[in-house]
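Undergrad: Generate coordinates for the sequence data below:
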Amino acid sequence: MRARLPRRPARVFLGARVRSPERNAPPAEALTVADGRFVVVGDAATARAAAGPDREEIDLGGGWVLPGFHDAHLHLATGALTKDWVDLRTCRSAEEAVRMVAAAARSLPEGAWIRGWGWDQTRWPGGAWPTRADLDRAAPAHAVVLSRVCTHAVWANTPALAALGITTRDGAAASDEVPRDAASGEATGILLERAAERAAAAVAPPDGARRKEAVEGMLREAAAVGVTSVEDVTEPWALPLYAELRREGKLTARVSAWLPADVDRSLAEDVRREHPADDPWLSAATLKLFLDGTLGSRSAALREPYSDDPSTSGVLRIPYEELRERVRDADGRGWCVALHAIGDLALRVALDALGTLPRRPRGRPHRIEHVQVATAGDLARLARLGALASIQPVHLVDDRAWISQRLGDSRDVVAYPWRSLLRAGAAVAMGTDWPIAPLDPLRGIAAAATRAGMAGPLAGETLSVEEAVAAYTSGSARGRGAGAGVGALRAGFHADFVVLSADPRDVRPENLPADVRVLATFCGGRQVHPVPRV
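TA: Next up is the predicted model:
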């Protein structure tokens with residue numbers, strides 16, 4: 001495989017064991033890189049000849065080379081800020097979370113807001129929602145806003161509700177997003193979906209210097225696990241920050257930034273002009289819409305009520321008519337749309353809206369995010385529409401504890417339908433949804449290939465390690481469009497690759513990632529992990 005060498009000097013990577021995820025790709029032992037792109041992926045003699053006499057040679061010591069991992073859905077910039085919050089992910093009871101909040105309150109002045117995240121009531125005895133009363137005792141002089149691990153629910157205390165204009169007892173009926181006690185009419189302290197978003201937005205963000213420091217740290221973590229490209233669900237403030245890091249040579253992964261669909265239109269267009277879709281390092285070409293919530297918070301929109309709570313079928317956040325018009329408007333202006341659809345009702349509505357669009361070539365395919373509950377017919381329709389299915393198998397590691405209770409065993413649906421998507425002919429991309437799930441791609445690949453150790457009716461739908469690696473590389477790269485030049489070890493493509501201690505496809509899936517280590521990560525031919533010593 002050869003391409004014209006733009007200019008020298010070039011770098012030749014030798015001692016490699018190259019196994020591309022692409023079908024029928026021949027094995028290779030050497031890579032020639034110039035100007036950040038692959039020139040040769042083949043044998044050592046050809047690689048040296050293409051590089052010329054002034055080449056630099058790097059011995060990879062027999063490491064296994066794969067394309068750099070491409071996380072198809074995460075919250076890198078906004079998630080980086082959670083490093084400063086009260087971390088409740090390890091809490092095994094509401095009482096434990098309350099103790100951590102009380103400790104934070106003792107270190108802050110009265111009136112300060114306390115921000116936390118990561119609690120999950122499904123891991124607590126009884127699995128019931130916590131209440132504001134618990135937090136009122138822990139921090140009566142502070143407004144407390146704690147995001148659930150999925151971020152689609154918030155646990156708030158009375159001072160926070162008051163600051164948000166949510167009275168605790170005003171005779172209002174219970175709503176999908178502000179649940180109230182049936183007997184007293186008081187707000188319970190749990191806020192869902194848009195109400196949760198408003199609560200989270202009420203807490204002042206850190207200053208620019210802290211934001212930059214946090215994002216730099218997360219880029220280092222991404223490089224350490226072999227991630228060289230990301231689809232970042234973020235906010236407009238992140239784009240100037242990424243651009244600054246790029247100018248400083250500190251942007252160590254390619255960033256496709258997604259903006260909220262309700263962001264100011266003129267601001268969105270300004271951002272897109274500054275960072276167009278064809279920019280290989282930093283682009284803004286996607287708008288994100290939330291159609292529903294999550295299964296863990298019972299806010300994912302289902303066609304039938306939840307089996308473990310028949311009083312609710314979840315929250316459909318956007319009526320179909322409004323969604324259809326918003327999707328058509330975004331598509332007409334040349335944006336890609338990413339539709340968050342976890343429940344089978346949300347997926348059906350999303351496909352209905354995409355089905356109204358004209359069939360024509362697009363720079364980037366429209367996307368469905370998560371696809372956790374679906375009928376076989378809707379999976380086939382997703383494939384026919386040419387939408388990209390973006391999945392996060394690592395979620396099942398946590399969800400397996402309660403998913404059977406949420407869905408029961410009588411629905412005409414497939415849960416976490418990874419193999420069914422491939423069988424239907426859909427294009428599949430893979431990511432993590434970090435910080436909701438761990439960032440390490442090998443953990444996601446292991447979850448996909450083992451079904452997170454599940455048994456019984458939900459144990460099907462596994463992927464092979466080969467299929468999961470492809471979804472995490474070339475599959476995710478489809479979201480950038482046909483000419484993006486990422487996701488493969490191919491002459492002319494950007495030289496983004498990871499060097500592993502073993503080939504994941506030769507290791508028992510349940511032993512990933514313990515038996516496979518990231519030895520080095522290269523983005524654009526530059527080593528970004530470990531950082532070379534000067």
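
Undergrad: Show me where the protein dips below the pLDDT cut-off.
TA: Low-confidence segments of the chain, defined by pLDDT under 70: 1-8, 168-175, 533-534.

Undergrad: Give me the sheet partners of the longest strand along it and which way each runs.
TA: For the chain, the strand reaching the highest residue count under DSSP state E is reported as strand 282-290. According to DSSP bridges, strand 282-290 forms sheet pairs with strand 254-260 (parallel), strand 336-341 (parallel).

Undergrad: Would you tell me which one of those strands is buried the most?
TA: Mean neighbour count (mean count of other CB atoms under 10 Å) peaks for strand 336-341 among the strands paired with strand 282-290, with a mean of 26. C-beta: built from backbone N, CA, C; applies to glycine.

Undergrad: Would you mind measuring from the nearest residue to Asp515 once chain neighbours are set aside to Leu164?
TA: Closest residue to Asp515 apart from its sequence neighbours, by CB to CB, 6 or more residues apart in numbering: Val507 at 4.9 Å. With distances taken as CB to CB, to the nearest Å, Val507 is found 49 Å from Leu164.

Undergrad: I'd like to know how many residues surround the residue nearest to Ala51 when sequence neighbours are not counted.
TA: Nearest non-adjacent residue to Ala51, counting by CB to CB, 6+ apart: Ala10, 3.9 Å away. As a burial measure, Ala10 scores 23 neighbours (other CB atoms under 10 Å).

Undergrad: Go ahead and confirm Ala10 touches Glu57.
TA: No - using CB atoms under 8 Å as the test, Ala10 is too far from Glu57 to be in contact (10.0 Å).

Undergrad: so how far is stretch 512-531 from its chain's centroid?
TA: 20 Å (CA atoms, centre = their mean, to the nearest Å).

Undergrad: Run through who's touching it.
TA: Here stretch 512-531 makes contact (CB atoms under 8 Å, 6 or more residues apart in numbering) with 11, 33-37, 60-61, 63, 68, 220, 223-228, 252-254, 440, 442-443, 445-446, 449, 465, 494-502, 504, 507-508.

Undergrad: which of these count as buried?
TA: Using 16 or more other CB atoms under 10 Å as the burial test, the contacts of stretch 512-531 include 11, 33-34, 36-37, 60, 63, 68, 223-228, 252-254, 440, 442-443, 445-446, 449, 465, 494-500, 504, 507 as buried.

Undergrad: Of these, which belong to helices?
TA: Mapping the buried ones among the contacts of stretch 512-531 onto helices (DSSP state H) picks out Ala223, Ala224, Leu442, Arg443, Ile445, Ala446, Ala449, Val465.

Undergrad: List the contacts of the fourth one.
TA: Residues in contact with Arg443, defined by CB under 8 Å, 6+ apart, are Val394, Val397, Ala437, Leu512, Pro513.

Undergrad: Report how many residues lie close to the third one.
TA: Read it as Ala437. Per other CB under 10 Å, the neighbour tally for Ala437 reads 22.

Undergrad: Grab the nearest non-local neighbour of it.
TA: The nearest residue in space to Ala437 (CB to CB, 6+ apart) is Val394, at 4.4 Å.

Undergrad: Correct me if wrong: the one you found contacts Pro435.
TA: No - the pair Val394 / Pro435 is not scored as a contact, 11.9 Å apart, by CB under 8 Å.

Undergrad: okay, those two: which has more neighbours?
TA: Between Val394 and Pro435, Val394 has the larger neighbour count (other CB under 10 Å), namely 27 against 23.

Undergrad: Bridged to Pro67, which residues?
TA: Beta bridges link Pro67 to Phe497, judged by DSSP bridges.

Undergrad: Could you verify my assumption that it touches Asp496?
TA: Yes - the pair Pro67 and Asp496 qualifies as a contact (CB under 8 Å) at a distance of 6.5 Å.

Undergrad: how about Glu466, what does it touch?
TA: Pro21, Arg505.

Undergrad: coming back round to it: of the contacts of Arg443, which is the nearest to His75?
TA: Relative to His75, the closest of the contacts of Arg443 is Ala437; by CB to CB it sits at 10.8 Å.

Undergrad: And that closest one, how far from Ser464?
TA: Distance, Ala437 to Ser464, by CB to CB: 21 Å.

Undergrad: what about the nearest residue to Val469 once chain neighbours are set aside, which SS state?
TA: Nearest non-adjacent residue to Val469, counting by CB to CB, 6+ apart: Pro21, 5.1 Å away. Three-state assignment for Pro21 (DSSP: H, G, I helix; E, B strand; the rest coil): coil.

Undergrad: Could you tell me how far Pro21 is located from Pro393?
TA: On the measure of CB to CB, Pro21 and Pro393 end up 16 Å apart.

Undergrad: Please apply the same query to Thr122.
TA: For Thr122 relative to Pro393 (CB to CB), the value is 18 Å.

Undergrad: before we move on, what about Ala103?
TA: 35 Å.

Undergrad: These two: who's more crowded?
TA: For Ala103 versus Pro393, the count of surrounding residues by other CB under 10 Å is larger for Pro393: 28 against 12.

Undergrad: Let me know whether the more buried one touches Thr450 as I believe.
TA: No - under the criterion of CB under 8 Å, Pro393 makes no contact with Thr450, lying 9.3 Å away.

Undergrad: Only alpha carbons, please: show stretch 349-366 as PDB.
TA: Extracted in PDB, the C-alpha atoms of stretch 349-366 (Å, rounded to 0.1, in the frame of the first residue of the first chain):
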ATOM      1  CA  VAL A 349     -40.200   8.700  16.900                       C
ATOM      2  CA  ALA A 350     -36.600   9.400  15.900                       C
ATOM      3  CA  LEU A 351     -36.800   7.100  12.900                       C
ATOM      4  CA  ASP A 352     -40.200   8.700  11.900                       C
ATOM      5  CA  ALA A 353     -38.500  12.100  11.900                       C
ATOM      6  CA  LEU A 354     -35.500  10.900   9.900                       C
ATOM      7  CA  GLY A 355     -37.800   9.200   7.500                       C
ATOM      8  CA  THR A 356     -39.200  12.500   6.400                       C
ATOM      9  CA  LEU A 357     -35.900  13.800   5.100                       C
ATOM     10  CA  PRO A 358     -35.000  13.700   1.400                       C
ATOM     11  CA  ARG A 359     -32.700  10.900   0.300                       C
ATOM     12  CA  ARG A 360     -29.500  12.600  -0.800                       C
ATOM     13  CA  PRO A 361     -25.800  12.400  -0.100                       C
ATOM     14  CA  ARG A 362     -24.600  14.000   3.200                       C
ATOM     15  CA  GLY A 363     -21.200  14.800   4.400                       C
ATOM     16  CA  ARG A 364     -21.900  13.000   7.700                       C
ATOM     17  CA  PRO A 365     -24.700  10.500   8.400                       C
ATOM     18  CA  HIS A 366     -27.400  11.300  10.900                       C
END
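
Undergrad: Report the buried residues of it.
TA: Within stretch 349-366, the residues that qualify as buried are Val349, Ala350, Leu351, Ala353, Leu354, Leu357, Gly363, Arg364, Pro365, His366, counting by 16+ other CB under 10 Å.

Undergrad: what's the most distant pair in the residues you listed?
TA: Maximum distance among the buried residues of stretch 349-366 (CB to CB): 24.8 Å, for Val349 and Gly363.
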